[in-house]
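Undergrad: Output the structure for:
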Amino acid sequence: MARTIVRCVLDVELSDPAKYQVTPRKICVVRYDEEIGNSACDVYDGYLHPQFSTAEPTGAAPTGPTTDPYDRSKDLNANRQEACGTVSRT
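TA: Prediction:
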């Protein structure tokens, strides 16, 4: 069994309209970050493209480090590289 693993971090805030020019009772996105494992690296069409071991590999070969997609002990921005890596487990 193989799956695509997506980890997202979404930081939002509710700003005081008396101090800031914001819409009252609306949240503002402060930061959005994601990490996707087991998806094609060179396809940027807004969809996930899972890679399965029985399928022929398409696109560029992984050049980045091997990461554990379930390890939540590190921040998503820590040691981030633009290179496409591989996941150690699915």
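
Undergrad: Show me the strands in the chain, by range?
TA: 5-13, 28-37, 66-67, 86-87 (DSSP state E).

Undergrad: Quick one: closest of these to Tyr20.
TA: Proximity to Tyr20, assessed across the strands of the chain by Cβ to Cβ, is greatest for strand 28-37 (8.8 Å). Yep, even glycine has a C-beta here, placed from its N, CA and C like the rest.

Undergrad: Check which residues of that closest one are buried.
TA: Residues of strand 28-37 classed as buried: Glu35, Ile36, Gly37 (neighbour count, 16 or more other Cβ atoms under 10 Å).

Undergrad: quick one: low-confidence ranges for the chain?
TA: In the predicted model, the chain carries pLDDT under 70 at residues 1-2, 53-64, 76-83, 85, 89-90.

Undergrad: Between the buried residues of strand 28-37, which sits nearest Val22?
TA: Nearest member of those to Val22, counting by Cβ to Cβ, is Glu35, at 29.3 Å.

Undergrad: Give me the distance between the closest one and Leu48.
TA: Glu35 sits 13 Å away from Leu48, taking Cβ to Cβ, to the nearest Å as the criterion.

Undergrad: Give me the common contacts of those two.
TA: Common neighbours of Glu35 and Leu48, counting by Cβ atoms under 8 Å, 6 or more residues apart in numbering, are Val6.

Undergrad: Need the outlier residue of this structure, farthest from its centre.
TA: Of all residues in the chain, Ala18 has its C-alpha farthest from the mean position, at 34.7 Å, by Cα atoms, centre = their mean.

Undergrad: how far away is that one from Cys28?
TA: Distance check for Ala18 against Cys28: by Cβ to Cβ, it reads 15 Å.

Undergrad: cool, Val22 as well?
TA: As for Val22, its distance to Cys28 is 6 Å (criterion: Cβ to Cβ).

Undergrad: joint contacts of these two?
TA: Ser15.

Undergrad: Could I get the full set of helices for the protein?
TA: For the chain, applying DSSP state H gives no helices.
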